[in-house]
Each structure stands twice: as C-alpha cells, then as structure tokens.
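K.L.:
build me a model:
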Amino acid sequence: MSGAEFTGERVVPGQVDVDLWNEHFSRYAYASRFAPGKRVLDLGCGTGYGTAELAKVAAAATGVDVAEDAVAYASEHYAGVRYVCASATATGLNDASYDLITAFEVIEHLKDWKGLLAEAKRLLAPGGVFLVSTPNREYYAESRGTSGPNPFHEHEFEFAEFRDAVSEFFSPVEILLQNRTEAFAFAPAGFAGDASASVLGSGEVSGTAFFLAVCGVAPAAFVHVPAAANLVRERERHIAKLSDEVRTKDQWLADTRAERDQALRLHQALELEIEERNAWAKQLEAELEEARGHLSRTQGEFETARTEAAEMAVAYEAKVRELEADVAERSAWAQDTEARLTGELQEKSRELAEAVRLLDQAENTVVERTEWAQSLRRELDLIRESRWIKLGRTFGLGPRIGG
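P.N.:
Residues are numbered from 1 along each chain as shown. Have a look, this model is predicted:
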C-alpha cells in the first residue's frame, strides 16, 4: 500500500491542511515529554505518524489500529516501529507491558468506549501514564452547525462526563484543555526545543475544542509552536493560496457556464427532437389502436368462423357416421342380395341347362320327326303317284291322300 485517502477522520500526512495536521501532531508532541526510554503503546494509531514520532525517543513503540489499510500504510512508511491490526478494546497484548499509552481521538468512535479505558488500564504498567483525548461535544456541535452530528462518532463527551468516565478507571486524572491560540514567539533563529511560556485566558471549558485527560501523573501546561508559526505569513500564504483557488474556481465556473450553455442548447435540441418523437409516437399509437381494433374484429370473425367450423365439423362427423351406417347397411343388403341372386342364378342356370337339354331333346325329336315326316311324305308321294291310287281317284275309290 503506497498511499491512503483522507476521509476527514483519518489523518494522512501530506493530505491535510497545516492547521488540522498541527492540531493532531501537537498531542504527540506533548506525549513525547513522557516517552523517553519508555515502552510506548499508541491505541488507534491510524496511519502511524504519531507512533513513529514517539518512537524517536521511546525504548520501543507499538501502534494498534483496527483498520487493515491504515496498519499497512503505517508499516510501509515507518520502519523500526511495530504496528498491530487489532481493536483498541481487545488488543491481545500482555498485561502491564507499557509505560506510556496514548489514545488520541479514538474513544468517541467506539460504542464500547468503556472497553477502551478498561483495556488501557490492563495494559498500563504500575506508575505508567495514560493520555486520552476527545472533542468537546458542546463546542463541536456548535462548530458543525447545520452539517449535523459527525457520522463517524458513536459517543461525544462534555467536560464533566469525560472527567468522570476516565476517573472511573484511573487516578489521578487531570483534564487539560487543548485550543489553538494566537501567540507571539521569541526564539533564536533555528531554535527547536523547550521554552517558557506565558498563557493567558485559555482555561474556558465551553470554548475548548478538545479535552486531553492525563492519567497517572500531575501534568504541567504545555505550548506547542509548530515549525510554521508565523501566523501573519501563513495567513498571507493561505490568502494567496485561496486567491489562486478562487481564480481556478472562477475559470472552472466560466467553463462550467459554457458547458451549461452548450448543455442548454443540446437540451433545447433534445426537447425539439422529443416533441417530434412524441408526435410520431402519438401517430404510431393511433395506428396501433386502429390495428388493435382491426385485430380485435379479425379475432372476433376468426372466433365466429372457428365456432361455425366446429359446428360444421360436428355435423360432418354426424353425417359421416350416418353415411357409414347406411353404407354398412347397404353393404349388408348387397351381400345378402348377392348371395340370394347367386343362389337364384345357380338355380336358373340349372333350369336353363335343363331347358337346353330338353330343347336339345325336343330338337332331336323334331329332327327325327321331320325326317320321319319327310320319309312319310316321300312314301305318300310314291303312293300318290301310284297308278292304283290315281285310278281310284278317277273312280272315287280308295283313301283320300292330301296333296
């Protein structure tokens, strides 16, 4: 992990403005006064910059945070410091193994905030110092105004509530007030170190931004003067920076207006196109309604035709059954008739054969009789021609023979 994103709650070096950075870093500057040669534990260490600052003077320093990406960032950027991914309420570390424990801007993020205080008490060695800070709910609610409660915070404290909560686990407890104040510093060029300070009018609880509870030791007032502490110059630089930002924003605004004008023109063109498409759609809708009506009529005609076809099919099937029955009846009659006619034909054939036989017999008889008659006629002719017959006719004697 080579970088991290500033979310507004987790401080990432180089990604926050100077005031916010100094606000958070100053707590570690104060904690460093108790760290020389000590075993230090930083609960809720975030990106690990504060743990690394304490490690510069501590015998050993360990940072604990529940966010894996924060621990990965810290491990990558700060060598020689131990970072552990764990909850601040259940670290899994050994009892009484740390001389200085810090928990800056962590307790308000926890539902089980008492679990943090109990875990710190378990881990703190006899005679050790515990430092825990949190925003002042009264001041914080006023400063956020209409933006509402911080969505990252589970529980915020007022002064007395915070003091009583910490005192339930530690003694003695002193609540320090952390504020950013305008000051005049007098120091040699290049000076960095402790200096005496004159602090006036910074003990008002209601106007305090943060509370810092110091447990296990009687604290003294502390003033942290950042490296860039010439407020006038810093404000001038800030004003110049803001002016650059205003110019950038003005240019952005001009560009945005141009884009807006272009968007408006496109919008008008789109509205015209939409109107044309709406008219076209209405025409299509009318045609569709007409088609639907035609379809409905066609469906009605189809249903009627289908009903008539069904009725005709029923009648046809009945007629077919009737015809089949008639055909069966006629087939039976034809079969009976064929059998009867066949019998009659056979009888007639027998009769005809008998008739033919009789006819043949009669014909034979006729032939025989014809031959007999012809023989008889020849005999008669002979008799007629007989002289005796002729003589008898002359005298009217003898039989009459036709001829």
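
K.L.:
going forward, measure contacts between C-alpha atoms and count neighbours the same way
P.N.:
OK.

K.L.:
can you map out the strands along the stretch 101-250 of the chain?
P.N.:
Residue ranges of the strands in the stretch 101-250 of the chain, as given by DSSP state E, counting those that start in this stretch, are 124-135, 173-178, 210-215.

K.L.:
so which of these is nearest Ala221?
P.N.:
Shortest distance between Ala221 and the strands of the stretch 101-250 of the chain, using Cα to Cα, is found for strand 173-178: 8.0 Å.

K.L.:
paired strands for the closest one, with orientation please.
P.N.:
strand 210-215 (antiparallel) (DSSP bridges).

K.L.:
any idea how far the partner strand is from the middle of the chain?
P.N.:
Here strand 210-215 is found 49 Å from its chain centre; the criterion is Cα atoms, centre = their mean, to the nearest Å.

K.L.:
quick check: buried residues in that strand?
P.N.:
Buried residues in strand 210-215, defined by neighbour count with 16 or more other Cα atoms under 10 Å: 210-215.

K.L.:
give me the contact list for it.
P.N.:
Taking contacts as Cα atoms under 8 Å, 6 or more residues apart in numbering, the residues outside strand 210-215 that touch it are 129-136, 159, 163, 166, 170-179.

K.L.:
can you flag the buried ones in the residues you listed?
P.N.:
Neighbour counting over the contacts of strand 210-215 (16+ other Cα under 10 Å) leaves 129-136, 159, 163, 166, 170, 173-179 as the buried ones.

K.L.:
would you verify that His16 is located in a helix?
P.N.:
I think there's a mix-up here, since residue 16 is Val and not His. No - counting by DSSP: H, G, I helix; E, B strand; the rest coil, Val16 falls outside a helix, being coil.

K.L.:
can you pull out the helices in the stretch 101-250 of the chain?
P.N.:
Ranges of helices in the stretch 101-250 of the chain, per DSSP state H, counting those that start in this stretch, are 113-123, 137-144, 159-167, 231-384.

K.L.:
thinking again about what came up before, nearest to Cys85, of the strands of the stretch 101-250 of the chain?
P.N.:
Distance to Cys85, taken as Cα to Cα, is lowest for strand 124-135 among the strands of the stretch 101-250 of the chain, at 19.1 Å.

K.L.:
ok, the closest one: who's next to it in the sheet?
P.N.:
Note on strand 124-135: by DSSP bridges, its sheet partners are strand 98-104 (parallel), strand 210-215 (antiparallel).

K.L.:
how much space between Leu212 and Leu131?
P.N.:
Using Cα to Cα, to the nearest Å, Leu212 is found at 7 Å from Leu131.

K.L.:
err, Val16, not the other one
P.N.:
24 Å.

K.L.:
so where's the stretch 201-350 of the chain shaky on pLDDT?
P.N.:
201-203, 220, 226-238, 241-242 (pLDDT under 70).

K.L.:
turn the strands paired with strand 124-135 into TSV, columns for distance to Ala310.
P.N.:
Below are those laid out as TSV (distance: least, Cα to Cα, whole Å):
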stretch	distance to Ala310
strand 98-104	90
strand 210-215	93
